[in-house]
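Enquirer: Let's see this in three dimensions:
(one chain, ligands or ions: 2)
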Amino acid sequence: MKQADDVLILAIESSCDETAAAVVKNGREILSNEIYTQIALHTQFGGVVPEIASRKHIEKINQVIEKALEDAEVTLQDIDGIAVTYGPGLVGALLVGVAEAKAISFATGIPLVGVHHISGHISANYIEHPDLEPPFVCLVASGGHSHLVVVKDYGEYEIIGRTRDDAAGEAFDKVARAIGLGYPGGPKIDKLAKEGNPDAISFPRAKVAENEYDFSFSGLKSAVLNYLNSCQMKGEEVNQADVAASFQKAVIDVLVEHSLHAVKAFGFNKFAIAGGVASNSSLRAAFEKECAKRKITFYHPSPIYCTDNAAMIGVAGYYEYQKGVRHGYDLNAVPNLQL
Ligand code: KG4
Ligand code: ZN
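Expert: Ligands and ions are numbered 1, 2, ... in the order given. As a prediction, this is how the structure comes out:
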């Protein structure tokens, strides 16, 4: 039941291949979290096909929103704000969510709040950690981004490190494709790596000379491809599990070292992870261990809040709403929106 001073946000997310809607109460309580994942549809093409993603969003979005309201046991009359991801992401996919949010807002008069997708990923940490408040450092590792961010306040960010080339998730997806695991690569490598030896093959851990907090994963990806080619030329059998484990260890080592170095250098003792790659079991275990050693409090969302979902957009949207942020009906999808 909604109390008089409760703030309910209906959130919509459609930036890539998940059609999602959620109802969030007072910024931290998830009343519903409905996700229709298109993964099975895109798997046959080895990656997300933007045009197919947009069409499927259109087909599913009303159902997903209705289900989110139903699960939360509320109606649109109870909703105080509509939060929607308006970037970054695939333009056609984003447009579906943005148009839908604008239509509901126009028809009902409920205020519209545009949300940055990465702000959503970071805010996923607030869901299960009622004690977590800014400032803290957050590593955002997704299919499109690898950012080290100082979270100065709710919705206020300073990027201190970023990838120079591939994002961490992108590297997982490309390596998975190269060893024949298919899309999406992250969860498949995560699983296969458990059967392999992470020290079997020595892959590079890249440092970026100009900024010690930046990342570069394209060299690692090339090293894996070269390794696979040279095995093939020599007629040697490839141990897929060893490749997966050694590659994954190389990514994790770099993410852990750069992140925790930044946490200390910037004088923080709280650290969080976010984004699809943050659901990786070995990554979580490595951060758990290294943060404990360095007396840093480690926060991470449950896997369902790491990959794309609308609950995280509702959380970020709530803090924007409370600050008085309102968007007009000229809100547009911004595929390369900056944090
Ligand atoms: O955050 P997300 O769902 O979408 C973007 O905003 O990009 O992240 C998707 C990325 C994909 O590259 C996927 O392979 C990766 O996250 N991922 C993982 C795992 N689960 C998803 N990477 C490593 N280990 C996982 N368990
Ligand atoms: Zn995402």
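Enquirer: can we go C-alpha only for contacts and neighbour counts from here?
Expert: Will do.
Enquirer: Any residues of the stretch 51-200 of the chain in contact with ligand 1? List them.
Expert: Residues of the stretch 51-200 of the chain lying close to ligand 1 by C-alpha under 6 Å from any ligand atom are 142-144, 169-170, 172-173, 184-187, 190.
Enquirer: hmm, 8 Å instead?
Expert: 89, 117-118, 121, 141-145, 168-173, 183-191 (C-alpha under 8 Å from any ligand atom).
Enquirer: how far away is the most centrally placed residue in the chain from Thr108?
Expert: Nearest to the mean C-alpha position of the chain, counting by C-alpha atoms, centre = their mean, stands Gly275 at 2.4 Å. Gly275 sits 32 Å away from Thr108, going by C-alpha to C-alpha, to the nearest Å.
Enquirer: just Asn125 next, same as before
Expert: 31 Å.
Enquirer: ok, and the helix or strand in this structure with the lowest average confidence?
Expert: Every helix and strand of the chain was ranked by mean pLDDT, DSSP states H and E. The lowest is helix 39-43, at a mean of 89.
Enquirer: Pull it out as PDB, backbone CA atoms only.
Expert: Output of helix 39-43 as PDB, limited to C-alpha atoms (Å, rounded to 0.1, in the frame of the first residue of the first chain):
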ATOM      1  CA  ILE A  39      19.200 -12.700 -25.700                       C
ATOM      2  CA  ALA A  40      17.800 -15.900 -27.300                       C
ATOM      3  CA  LEU A  41      16.700 -13.900 -30.300                       C
ATOM      4  CA  HIS A  42      20.100 -12.300 -30.900                       C
ATOM      5  CA  THR A  43      22.200 -15.500 -30.100                       C
END
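Enquirer: Tell me the helix or strand right after it.
Expert: For helix 39-43, the succeeding helix or strand toward the C-terminus, using DSSP states H and E, is helix 50-71.
Enquirer: what's that following helix in contact with?
Expert: 12, 14, 16-23, 31-36, 38, 75-76, 90, 92-93, 96-97 (C-alpha atoms under 8 Å, 6 or more residues apart in numbering).
Enquirer: Now the buried members of those residues.
Expert: In terms of neighbour count (16 or more other C-alpha atoms under 10 Å), the buried residues within the contacts of helix 50-71 are 12, 14, 16-23, 31-36, 38, 76, 90, 92-93, 96-97.
Enquirer: Please flag which of the residues you listed sit within helices.
Expert: In helices, defined here by DSSP state H, the members of the buried ones among the contacts of helix 50-71 are 92-93, 96-97.
Enquirer: Going by distance to Glu257, which of those wins?
Expert: Ala93 (34.7 Å; C-alpha to C-alpha).
Enquirer: Relative to Ser14, how far out is the closest one?
Expert: For Ala93, the distance to Ser14 - C-alpha to C-alpha - is 6 Å.
Enquirer: one step back: please identify the buried residues of the least confident helix or strand of the chain?
Expert: Buried-residue list, helix 39-43, by 16+ other C-alpha under 10 Å: 39, 41-42.
Enquirer: Distance to Ala333 for these - can I get that in TSV?
Expert: Output for the buried residues of helix 39-43, formatted as TSV (distance: C-alpha to C-alpha, whole Å):
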residue	distance to Ala333
Ile39	22
Leu41	24
His42	22
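Enquirer: what does the stretch 201-339 of the chain have sitting close to ligand 1?
Expert: Going by C-alpha under 8 Å from any ligand atom, the residues of the stretch 201-339 of the chain near ligand 1 are 274-281, 283, 303, 306-309.
Enquirer: Out of those residues, give me the two with the largest separation.
Expert: Farthest pair in these, by C-alpha to C-alpha: Leu283 and Asn309, 20.5 Å.
Enquirer: Tell me which residue of the stretch 1-150 of the chain lies closest to ligand 1.
Expert: Gly143 (3.2 Å; C-alpha to the nearest ligand atom).
Enquirer: For Asp242, see how far away Leu331 is.
Expert: 48 Å.
Enquirer: In terms of neighbours, single out the busier of these two.
Expert: Asp242 (20 against 17; other C-alpha atoms under 10 Å).
Enquirer: Please tell me I have it right and that one contacts Ile201.
Expert: Yes - under the criterion of C-alpha atoms under 8 Å, Asp242 makes contact with Ile201 at 7.3 Å.
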